[in-house]
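Asks: task: produce atomic coordinates for the following.
(one chain, ligands or ions: 1)
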Amino acid sequence: MLSYRHAFHAGNHADVLKHATLSLVLESFKQKDKPFIYLDTHAGAGIYDLDSDWARKTRESNSGIQRLWHEPTKWPELSAYFQILQHLNTEQAGQQFYPGSPEVARQLLRPQDQLLLMELHPQEIEVLRGNLAKDNRVHIHHRDGLEGLTALTPPTPRRGLALIDPAYERQEEYQQVVQAVKKAYTRWPTGCYLIWYPMLAKARDRSLRLLHDLKEKSSFSSLLVAELSVETQHPDLGMHGSGLAMINPPWQLAQQLQTLLPRLRQTLQLDSKAQWRVEWLIEAT
Ligand SMILES: C[S@@+](CC[C@H](N)C(=O)[O-])C[C@H]1O[C@@H](n2cnc3c(N)ncnc32)[C@H](O)[C@@H]1O
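Replies: Next comes the predicted model:
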């Protein structure tokens with residue numbers, strides 16, 4: 001059963017980490033003229049209205065993007081991300097619309113690049129189509145994203161990246177992600193993979209296990225982890241942080257994140273237990 005709707009969480013601290021990192025990776029890909037493809041296995045709606053009833057119910061963006069939005073000049077390294085926010089919120093809109101990962105990619109990709117978006121939720125996919133389908137670089141599939149990841153790789157062109165961003169509503173999803181990524185990697189070893197995961201309360205957290213399983217018996221040529229936690233990890237409630245496990249990241253990304261994450265922690269922290277890390281679990285040789 002699919003009950004997760006990202007509109008309740010759009011623009012929260014985890015989205016800031018994910019989308020800021022995604023914008024850095026996409027900008028790196030653009031340093032070469034050669035076309036590339038962006039795959040998004042769990043695309044969501046593409047664009048979110050922060051004034052909607054769902055977003056107002058949780059107001060998660062208040063402790064996320066709203067903490068950065070009023071000071072774009074403080075974040076020159078995230079100019080691409082801020083430009084997307086600005087384009088979505090021209091003139092009267094103020095700070096109303098927030099880009100999901102498909103819109104971050106759509107705005108940053110060039111005419112020669114392509115987007116392949118997968119989404120399983122029957123309503124969410126219609127919203128996604130309404131938001132992005134008119135762009136002829138965009139291909140939208142109503143299907144299981146992990147099945148699609150293995151079925152559609154290696155993609156054409158081979159140069160590209162995949163964002164794997166499940167809701168982790170079911171515990172089995174962690175294992176399914178590991179299996180799908182390992183299978184996709186054997187077919188597409190040159191692809192760059194960004195795997196998002198939540199850092200949850202002690203009783204529910206599976207992040208260390210996920211990283212262990214990704215690394216174990218893998219043939220990945222590199223595996224970089226970036227995590228941002230904004231508050232104390234509680235015993236049984238809440239998401240105190242999130243992370244991205246990245247296979248084949250662009251070479252300068254680790255350094256960029258080492259500068260960015262302490263600054264994000266400073267801005268997004270909710271208490272003194274906020275922390276960050278950027279670490280190679282498998283170092284590129
Ligand atoms: C965390 S949200 C995605 C957010 C989006 N990537 C972003 O950053 O804006 C997860 C999405 O995955 C969708 N979903 C859940 N199970 C799926 C599956 N098996 N295959 C594809 N999409 C799925 C949900 O409907 C939801 O829209």
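Asks: within range of the ligand, give me the residues from the chain.
Replies: Counting by C-beta under 6 Å from any ligand atom, the residues of the chain close to the ligand are 2, 4, 6, 18, 40, 42-44, 100-101, 118-121, 124, 144-145, 165-167. The C-beta positions use only the backbone N, C-alpha and C, and glycine is treated the same way.
Asks: all strands for the chain, in order.
Replies: In the chain, the strands defined using DSSP state E lie at 37-40, 47-49, 97-99, 114-119, 138-142, 160-164, 192-200, 223-229, 239-247, 275-282.
Asks: which of those strands is buried the deepest?
Replies: strand 37-40 (a mean of 27; mean count of other C-beta atoms under 10 Å).
Asks: and the contacts of that one?
Replies: Strand 37-40 is contacted by residues 26, 101-102, 105, 109, 113-118, 145, 149, 152-153, 155-157, 159-163, 165 when judged by C-beta atoms under 8 Å, 6 or more residues apart in numbering.
Asks: ok, now stretch 237-245?
Replies: Stretch 237-245 is contacted by residues 13-14, 17-18, 21, 194-201, 207, 210-211, 214, 223-234, 273, 275, 281 when judged by C-beta under 8 Å, 6+ apart.
Asks: one step back: using ChimeraX, make a named selection holding only the buried ones among the residues of the chain next to the ligand.
Replies: If you want just the buried ones from those in ChimeraX, going by 16 or more other C-beta atoms under 10 Å, the selection is:
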select :6,18,40,42,43,44,100,101,118,119,120,121,124,144,145,165,166,167
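Asks: next up, the contacts around the residue in the stretch 151-285 of the chain that the ligand sits nearest to.
Replies: Of all residues in the stretch 151-285 of the chain, the one sitting closest to the ligand is residue 165 (3.8 Å; C-beta to the nearest ligand atom). For residue 165, the contacting residues are 18, 40-42, 44, 101, 196, by C-beta under 8 Å, 6+ apart.
Asks: can you tell me which helices and strands the lowest-mean-pLDDT helix or strand in the chain packs against?
Replies: Confidence across the helices and strands of the chain bottoms out at helix 53-58, with a mean of 91, counting by mean pLDDT, DSSP states H and E. Helices and strands touching helix 53-58, as assessed by 3 or more C-beta pairs under 8 Å, 6 or more residues apart in numbering; DSSP states H and E, are absent.
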